[in-house]
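Student: Okay, here's the prediction I keep looking at, along with the sequence it came from:
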Amino acid sequence: MERRLVAGIPYRKLLTAPRPVAEGVKARLEARGIPALLETPFAGLPEAALGTYMGDVALWVPEALLGEAEALLEEEIP
């Protein structure tokens, strides 16, 4: 699983999915108090701010909350 530092906090990639799916997961995570970051292949370009890219994006969560985030995903799967 990929890992990176964001503002000095270790984050892990939770999933890669089409943007509409990842946005839904991000909203559910944040509703539970888990910060989540979306990363498009165009990070740093205007598209990243506009949200017009609907292809696959990466969803990152703090490493300390990865287990909780994975458990939330398992709850969502029927």
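Tutor: That came through, no problem.
Student: isn't E30 right up against L37?
Tutor: No. Under the contact definition of CB atoms under 8 Å, E30 does not touch L37, with a separation of 10.5 Å. Bear in mind the C-beta positions are built from the backbone N, C-alpha and C, glycine included.
Student: so what strands line up beside the host helix or strand of L5?
Tutor: When secondary structure is defined by DSSP states H and E, L5 falls within strand 3-6. Next to strand 3-6 in the sheet, as set by DSSP bridges, lie strand 9-18 (antiparallel).
Student: what's downstream of the strand it pairs with, the next helix or strand?
Tutor: On the C-terminal side of strand 9-18, the closest following helix or strand by DSSP H and E is helix 19-31.
Student: Can you pull out the residues in contact with the helix or strand just after that following helix?
Tutor: Using DSSP H and E, the helix or strand that follows helix 19-31 towards the C-terminus is strand 37-39. Residues lying outside strand 37-39 but in contact with it, judged by CB atoms under 8 Å, 6 or more residues apart in numbering, are 6, 11, 19, 22-23, 26, 57-61.
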